[in-house]
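Visitor: Requesting a structural model of the entry that follows:
(2 chains)
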Amino acid sequence: MTKSLKIVPDKCTGCMQCELACSWVQTGTFAPSQSMIRVNVFDEEASFAPYTCVQCDEAWCMNACPVNAITIDPQSGAKVVLEPLCIGCHLCTIACPFGAIYTLPQSGKAGKCDLCGGEPACQKACPTDAIEFKELQDSDEWFGPWADRVDHRYREAED
Amino acid sequence: MSGWTGKLLRVDLSSGTHRIEDIRTDWLKQYIGGRGLAARYLYEEMDPRADPLGPENKLIFATGPLTGTPTPCGSRYMVVTKGALTNAITTSNSGGHWGPELKFAGYDMVILEGRAPKPSYLLVYDDRVELRDAATLWGKGVWKTEDGLREQLGIPNLRVSCIGQAGENLVRFACIMNDKHRAAGRSGVGAVMGSKNLKAIAVRGTGGVQIADPPAFMDALWKLRNAMSASESRQDLSELGTAPTIDFTNSFGGLPTRNFESGQFEGYENLNGNAIKDTRLVANKACFACDIACGRVCRLGDSADKFMVNTHPRNWRTAGEGPEYESAWALGADTGVSDLDAVLKANWLCNDLGMDPISMGATLAAAMELYQRGVIGDEDVEMPLNFGSAEALVRMTEATAYREGFGDVMAEGSKRMGDKLEHPEVFMGSKGQEFPAYDPRGFQGMGVAYATCNRGACHLRAWTPGVETSEMSPHTTEGKSEWVVHEQDRTTAHDNTGVCLFTSMAAGPLETLVPCTAAATGIDYTLDEFIKIGERTWNLERLWNLKAGFTAADDTLPKRLLEEGHADGPAAGVTVDLQAMLPVYYRERNWSPEGIPSQQKLLELGLASLQ
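Guide: Numbering: from 1, shown residues only, chains lettered A, B, ... in the order given. Have a look, this model is predicted:
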């Protein structure tokens, strides 16, 4: 099993340091709109959830790609986009159940988290340790407990 | 260009046209950005004697070179204009996410001129700039305005800076709010925006901030972030926000209570950091790039139904931001209210209606004093304005924003209210602006800091209580003026970079920002140059105020602080010896005894041609 980014939403304060760090690695400028990790804000719940690729074992983006432009990086185990091969067909962005692979506005090609080759900049940048880089034993570990609770709270509010 | 974008957006609201201009590079270098740069433009382009609510006033939103970078708390923008409350130059600072978004859209500054013929909002989406009809937003609160714009435009990541009903109704202390809960709070910048018929500036930017020397920047950045991570004051701010200051000021008799009648509040424990954390806190919330997260998100829960007002901004059971130290004091101790739920509700009302809670609380406190003394009778008000009345606090906050009943008088601020009712002595402030939460009789240094502040009474230009209670004595005058000059110059330089002042509190002094700014911009700034830039900006603001008609006679404090001491408490009997401190301040600044900068000083700062 490969290491991936585990998010602890309860620790997130919504400061966007992860987006800044990611965009710096991707583009060499500080441009959160280009980040591969995105902080979702649940305003009325005062809750923040950074969100990025979970590096699925069975990666639907990879399965969907018609030209095999998504491959596994042997060093980090991350699923990465080979930009020269990508034809910009968007199939991967439709296939991803988490919405964690994007079409880049500049090139029209796909972009996703590549774990920075094994040393994720977002994890280092987070001031509250809301992003952990570790092997997950169980897929529920990823967002599970938080999602359960928030879902419960929303249902309560609706009642 | 690195650090800066080098561009400013100039919008003529009267004609609905705009143009994008290069910012003068010599001014960027001389002022760094933000507050100083905007003040330089305002000095160049506007007659300081103009009516602050007239179309001749200009409204400038300005970021600094570190805004939008990961420099801790690099989130700030400044609103610079002629203050509706003060008639002086004002420089109102706010965090959140709006400032960085403006940089990402490609602009360091926005200059707004004239007055829109009808309610309008400005949309800035990278290089697409449109002045659009705001008919459906006018009359709405801050929270609905932001949600409404996102919905209308279908841009989920839109960042909105706007006014609420208070700004529309030209309440003299209306704020400009961004990201729903962040405020460019003081001096009535929201009234200026309202007078221009401008409801909001909605921004989305997909560009980035460039860095001139990446390795040097990363080195300086991580030094600063590591220092912050380890700092105890950072940990305290993260854990309890700013509200624990209540315990500190109260213990020194410097927590102004019931319109500065006393310096200690018996109900302080209901409003402090622990009370908020233990009873109402949901989460800590950070501004952009902030490693502290001092923002307190609270929830009223079942208490939401207490203290009803006529118009609820939205479901009160959900969460909102506040209170922090200043609002907990103004809406709490200063009005004698110790009910946290009432303070929280009044704070949310201020956020949603777009009003400065400091001036709101202080104005109500002054009205309560007049009610207690019988100057305001029951026939003048819809409910008794007794000190400590939670009902009055919440309802009068709403009435002020809508200018209903006696709220119409309060909406003019406590200076104008006192003058109108022929009791000017109830105004507790300077240059027309109400004092924040430090009684200068508990901390002498704050007296000279308030009296000399260019934007009227303010705690963010020179904060003395820390040093006065550690290295000095809080009740003596010695060394206070010198320290205030020193701090004013440093905080001004700090403001110009676009970084929150809490960075210096939590991670060390101004020194740490110099290498970040130098590496981001590619200009070899030194600490001495930074301090000189702070001094230059301070003197420029002073020159602006002198041209607006201010004199040394305005560098003063109310009689209550100069002649009447507290009856009891740690600061009992102490009065502010401004007479001793002010001449030292002028001398330290190299200003004449009339408070006018000397020719020699202006030459030294490169301002001689501006006189």
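Visitor: interface residues of chain A facing chain B?
Guide: Residues of chain A lying near chain B by Cβ under 8 Å from any Cβ of the partner chain: A:13-17, A:20-21, A:23-24, A:27-34, A:43-47, A:105, A:125, A:127-128, A:157. (C-beta placed from N, C-alpha, C; glycine too.)
Visitor: Please convert the buried members of those residues into PyMOL selection syntax.
Guide: Typed into PyMOL, the line below selects the buried ones among the residues of chain A next to chain B, using 16 or more other Cβ atoms under 10 Å in any protein chain shown:
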select buried, chain A and resi 13+14+15+16+17+20+21+23+24+27+29+30+31+32+33+34+43+44+45+46+47+125+127+128
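Visitor: Select from the residues of chain A next to chain B every entry located in strands.
Guide: Those of those mapping onto strands are residue A:47, per DSSP state E.
Visitor: Can you give me every residue that contacts the residue in chain B positioned nearest to chain A?
Guide: At 2.8 Å from chain A, residue B:208 is the closest residue in chain B, using Cβ to the nearest Cβ. Shown in contact with residue B:208 (Cβ atoms under 8 Å, 6 or more residues apart in numbering or on different chains): A:23, A:27, A:29, A:30, A:31, A:34, B:104.
Visitor: Just the residues of chain A next to chain B: which are in helices?
Guide: A:17, A:20, A:21, A:23, A:24, A:27, A:125, A:157 (DSSP state H).
Visitor: And the furthest pair within these?
Guide: Greatest spatial distance in those: A:27 and A:157, 38.8 Å, computed using Cβ to Cβ.
Visitor: need the contact list for the residue nearest to residue B:438 when sequence neighbours are not counted.
Guide: The spatial neighbour of residue B:438 that comes closest, neighbours along the chain excluded (Cβ to Cβ, 6 or more residues apart in numbering or on different chains), is residue B:446 at 4.6 Å. Applying Cβ under 8 Å, 6+ apart to residue B:446 gives the contacts B:254, B:438, B:439, B:440, B:459, B:464, B:465.
Visitor: which of the residues you listed tops the neighbour count?
Guide: Most neighbours among these, by other Cβ atoms under 10 Å in any protein chain shown: residue B:440, with 30 neighbours.
Visitor: Nearest residue to it in space, please, no chain neighbours.
Guide: Excluding the flanking residues, the one nearest residue B:440 by Cβ to Cβ, 6+ apart is residue B:447, at 3.5 Å.
Visitor: Now the phi/psi pair for that neighbour, please.
Guide: Main-chain torsions, residue B:447, degrees, to the nearest 10: phi -60, psi -50.
Visitor: chain center to stretch B:490-508, what's the gap?
Guide: On the basis of Cα atoms, centre = their mean, to the nearest Å, stretch B:490-508 sits 14 Å off its chain's mean C-alpha point.
Visitor: low-scoring stretches of chain A, by residue?
Guide: A:1, A:138-144, A:146-147, A:150-159 (pLDDT under 70).
Visitor: check contacts around the residue nearest in space to the middle of it.
Guide: Centroid check for chain A by Cα atoms, centre = their mean gives residue A:52 as the closest residue, at 1.0 Å. Residues in contact with residue A:52 (Cβ under 8 Å, 6+ apart) are A:5, A:7, A:36, A:37, A:38, A:100, A:113, A:122.
Visitor: Show me which of these is closest to chain B.
Guide: Here the nearest of the contacts of residue A:52 to chain B, counting by Cβ to the nearest Cβ, is residue A:38; it sits at 9.1 Å.
Visitor: which non-adjacent residue is nearest residue 70?
Guide: Looking at chain A here, since you left the chain open. Using Cβ to Cβ, 6+ apart, the closest residue to residue A:70 is residue A:62 (4.3 Å).
Visitor: wait, I meant chain B there
Guide: Nearest non-adjacent residue to residue B:70, counting by Cβ to Cβ, 6+ apart: residue A:20, 4.4 Å away.
Visitor: Make sure that neighbour is actually in contact with residue B:69.
Guide: Yes - using Cβ atoms under 8 Å, residue A:20 makes contact with residue B:69 at a distance of 7.5 Å.
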